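A.B. asks: Build the 3D model from these lines:
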Amino acid sequence: MLVLYFILLSTIFPAIHNRCPIDQTRDDRPTLDTYYESPSGHFWIHYDLDGDDAPSLDDSNQDGIPDYVESTAEAADSARFILTQVMNYIEEEDDDNQKYDIYITGLSSSLWGLCQSESGGGSFIKIRNSYEGMSAFCNNETELLWLTVAHEFFHAIQYAYRSNLNDSYFRELTSMWFENIFVPNCYDFLDFVDMNSSSLFNNPEKGFDDNTSGQVGYSLALYAHYLSTIIDSNGSENQMSSSIIREIWEKYNGGGTIFQSLKYVLEEDKYSTGFSESWIDFMSRNMFCSQYDDMNNGVYYHFGQSLVDPPYVEHETLIGNSTINNEIFIKDDRVSINAYQATDQIIVNSEFISSEVLWYGSLLNIGEIVNISNLESYNNLSANESNILFFIFSNESGEGNMNLILNISIEGCVDINAINYNPNAIIDNGSCEFPIYNSLVSLYPNPINISSTDLTIIYDQASSSIIDMTILDIKGRLVSDKTFSVLPGRQYVSYNTHLDIPSGTYFLKVSSNEDTEVLKFTNIR
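C.D. replies: Numbering: from 1, shown residues only. Here you go, the predicted structure:
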């Protein structure tokens, strides 16, 4: 119900979540009535005493300074202290008077705040004069003020690392991340996870930097939380102790792209991983969003995962006593996801044929994430109609192809047709029924010395057909291909290759108009 509550609330506030358009609005500094110097002496908070731009003038301590202005100053001092003194980011660029200016104004209804860089160096911040009712995930106006100040001030520090280029997505990603560290009870950043067509959960298979706009970056903040808790374990208890995001900014300060900087930092000895590995684990964990109510599990990296629905992925239906062969395109900057749901209690035996030397994969089933990276197969997986199986793949470098082959049988049932070739089969006398289908029953001998022995294939054919038989090596490369004309019924096909190929694992792929199936065999020289 909590997830539904937030979804309903977010439909009420669809137009007020643009947050901060980095450098899209080029305005002069506002001229306001007066200013207040923050307790540290570093910030000047500018505001009007009346008119449309004026904040609430409530003054609970009767010191002549509105509470809203004092709160803004305290937030700015605190954010700067944490970023520069605790988390060791570099300082922002100040004006000539060594002060940093924040302007409280009556911004448009769709704008929370902005940090605007200036051509001569330095920057300034504008924030709203009220945050009442601005968020579906946080109803405390003071906390919304504080997180906005923190968000925009982190942008000021980012400008000190490097002027704004084609990197708004990472600036917003990291500012959304820091605002939640700074105000941990406010989860407004979650409203962007599946808010629009460009967001992360609506595009779980999209490349990490396919779109570098700030709107995309809003929805990527969860990845920063993943990096600073799972990859950098120093932040597992308190993300202020994590340094990985700062290290990416420091690397980016020296040139190149954000994505190159991210990959470089991940591959350093300190973390000894890669983007593909981290991204596939991150996306795998996201598939369990809303399944748990707290952090007492081995999946979540952030409590916010309990408050949002997982990415939606179209899924295929698994039917007992059948075979599925999906060809999958894999790249190193994204994941490829195949999802399946059974119609009955089934057993799934899966095989993976890849053209790549190294690929990464996760298998998700009933709260469990199994690492299947570079495996040849994963067998005896039990599934039913109450859960969805996810196979998630990524490539180590560049792009390639792989085949995912699923051989599905109904748990507790034996195909009565199997008796024809397996006299030891035990038939379940229950209500198991099996359709008539083309079936690659078996091949023999296995193991085989294919250079001197014919490979015999037993194949059940529902109708007359032309079938293509292909032998592939473990990397999915073509070894041999032959075409046969077969009649209905059980066929015994002799595949005479006399191939001079090394010992190892190979696959026989049989394709007709109706079906494609694969069996594995071993060649021994």
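
A.B. asks: all contacts plus neighbour counts: C-alpha atoms, from now on.
C.D. replies: Will do.

A.B. asks: where do the strands sit along the stretch 201-350 of the chain?
C.D. replies: 315-318, 322-331, 336-342, 346-354 (DSSP state E, counting those that start in this stretch).

A.B. asks: how near is residue 258 to residue 289?
C.D. replies: When distance is defined by Cα to Cα, to the nearest Å, residue 258 is 27 Å away from residue 289.

A.B. asks: What residues of the longest strand seen in the chain count as buried?
C.D. replies: Secondary structure of the chain read by DSSP state E shows that its longest strand is strand 399-410. By 16 or more other Cα atoms under 10 Å, the buried positions in strand 399-410 come out as 400, 401, 402, 403, 404, 405, 406, 407, 408, 409, 410.

A.B. asks: which regions of the protein sit below the pLDDT cut-off?
C.D. replies: Scanning the chain for pLDDT under 70 picks out 1-18, 21-27, 412-441, 514.

A.B. asks: follow-up on the earlier one: neighbouring strands - and their directions - for the longest strand of the chain?
C.D. replies: Counting by DSSP bridges, the strands paired with strand 399-410 are strand 322-331 (antiparallel), strand 346-354 (antiparallel).

A.B. asks: So which of these is nearest residue 202?
C.D. replies: Smallest distance to residue 202 across these (Cα to Cα): 18.8 Å, for strand 322-331.

A.B. asks: Determine how far that closest one lies from the middle of the whole chain.
C.D. replies: Centroid separation for strand 322-331 versus its chain: 20 Å, with Cα atoms, centre = their mean, to the nearest Å.

A.B. asks: Can you tell me what sits against that strand?
C.D. replies: 336, 393-409, 516-518 (Cα atoms under 8 Å, 6 or more residues apart in numbering).

A.B. asks: measure the residue nearest to the spatial centre of the chain to residue 311 for me?
C.D. replies: The centre of the chain sits closest to residue 283, judged by Cα atoms, centre = their mean, with a distance of 3.3 Å. Look at residue 283 and residue 311: by Cα to Cα, they are 9 Å apart.

A.B. asks: swap in residue 374?
C.D. replies: Using Cα to Cα, which is the criterion applied here, residue 374 is 25 Å from residue 311.

A.B. asks: quick one, which of the two is more surrounded?
C.D. replies: Applying other Cα atoms under 10 Å to residue 374 and residue 311 shows that residue 311 carries more neighbours, namely 19 against 15.

A.B. asks: Excluding covalently adjacent residues, which one is nearest to that one?
C.D. replies: residue 201 (4.5 Å; Cα to Cα, 6 or more residues apart in numbering).

A.B. asks: before we move on, what about residue 215?
C.D. replies: Nearest in space to residue 215, with sequence neighbours left out and distances taken as Cα to Cα, 6+ apart, is residue 169 at 7.0 Å.

A.B. asks: quick revisit: deepest-packed of the strands paired with strand 399-410, please.
C.D. replies: strand 346-354 (a mean of 22; mean count of other Cα atoms under 10 Å).

A.B. asks: Can you name the element that comes right after it?
C.D. replies: Tracing the chain C-terminally past strand 346-354 and defining elements by DSSP states H and E, one meets strand 359-365 next.

A.B. asks: What strands line up against that following strand, and which way round?
C.D. replies: Strand 359-365 is paired, per DSSP bridges, with strand 368-371 (antiparallel), strand 388-395 (antiparallel).

A.B. asks: doesn't residue 142 fall inside a strand?
C.D. replies: No - Residue 142: not assigned to a strand; according to DSSP: H, G, I helix; E, B strand; the rest coil it is helix.

A.B. asks: and the spatially closest residue to residue 302 that is not a sequence neighbour, how far is that from residue 184?
C.D. replies: Sequence neighbours aside, residue 225 is the residue nearest to residue 302 in space, at 6.8 Å (criterion: Cα to Cα, 6+ apart). Note on residue 225: its distance to residue 184, by Cα to Cα, is 12 Å.

A.B. asks: Common neighbours of these two, please.
C.D. replies: Common contacts of residue 225 and residue 184 (Cα under 8 Å, 6+ apart): none found.

A.B. asks: who has more neighbours, the two?
C.D. replies: Per other Cα under 10 Å, whichever of residue 225 and residue 184 has more neighbours is residue 225, with 28 against 12.

A.B. asks: Which stretches in the chain count as helices?
C.D. replies: 2-12, 67-81, 141-161, 168-182, 214-219, 221-226, 244-252, 258-267, 275-286 (DSSP state H).

A.B. asks: Mind putting those helices into a markdown table with distance to residue 106?
C.D. replies: Converted to a markdown table, these look like this (distance: least, Cα to Cα, whole Å):
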| stretch | distance to residue 106 |
| --- | --- |
| helix 2-12 | 21 |
| helix 67-81 | 14 |
| helix 141-161 | 14 |
| helix 168-182 | 22 |
| helix 214-219 | 22 |
| helix 221-226 | 27 |
| helix 244-252 | 32 |
| helix 258-267 | 34 |
| helix 275-286 | 37 |
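
A.B. asks: Can you tell me which of those is most buried?
C.D. replies: Burial of these is given as mean neighbour count (mean count of other Cα under 10 Å); helix 214-219 ranks first at a mean of 26.

A.B. asks: ok, back up a step: quickly name whichever of the buried residues of strand 399-410 is closest to residue 442.
C.D. replies: residue 407 (12.9 Å).

A.B. asks: do you know how far the closest one is from residue 356?
C.D. replies: As judged by Cα to Cα, residue 407 and residue 356 stand 22 Å apart.

A.B. asks: How about residue 60?
C.D. replies: 67 Å.

A.B. asks: Pick out whichever of the two has more residues nearby.
C.D. replies: Each of residue 60 and residue 356 has its neighbours counted (other Cα under 10 Å); residue 356 has more, 20 against 10.

A.B. asks: Would you mind splitting this protein into its domains for me?
C.D. replies: 2-307, 315-411, 439-523 (automatic domain parsing).

A.B. asks: Pull the distance from the second one to the chain's centre.
C.D. replies: Taking the mean of its C-alpha atoms, domain 315-411 sits 17 Å from the chain's own mean (Cα atoms, centre = their mean).

A.B. asks: Can you give me the first-to-last residue distance of that domain?
C.D. replies: 21 Å.

A.B. asks: what sits against the residue nearest to residue 235 when sequence neighbours are not counted?
C.D. replies: Leaving aside its chain neighbours, residue 235 sits nearest to residue 242 (4.4 Å; criterion: Cα to Cα, 6+ apart). Neighbouring residues of residue 242 by Cα under 8 Å, 6+ apart: 87, 228, 229, 232, 233, 234, 235.

A.B. asks: do you know how far the last one is from residue 150?
C.D. replies: Residue 235 is 19 Å from residue 150, where distance means Cα to Cα.

A.B. asks: burial measure for residue 268, as a count.
C.D. replies: By other Cα under 10 Å, 11 other residues sit near residue 268.

A.B. asks: ok, now how distant is it from residue 399?
C.D. replies: Using Cα to Cα, residue 268 is found at 23 Å from residue 399.

A.B. asks: Also residue 364?
C.D. replies: Residue 364 sits 23 Å away from residue 399, going by Cα to Cα.

A.B. asks: now do residue 196
C.D. replies: 28 Å.

A.B. asks: and if you look at residue 290?
C.D. replies: Distance of residue 290 to residue 399, computed by Cα to Cα: 32 Å.
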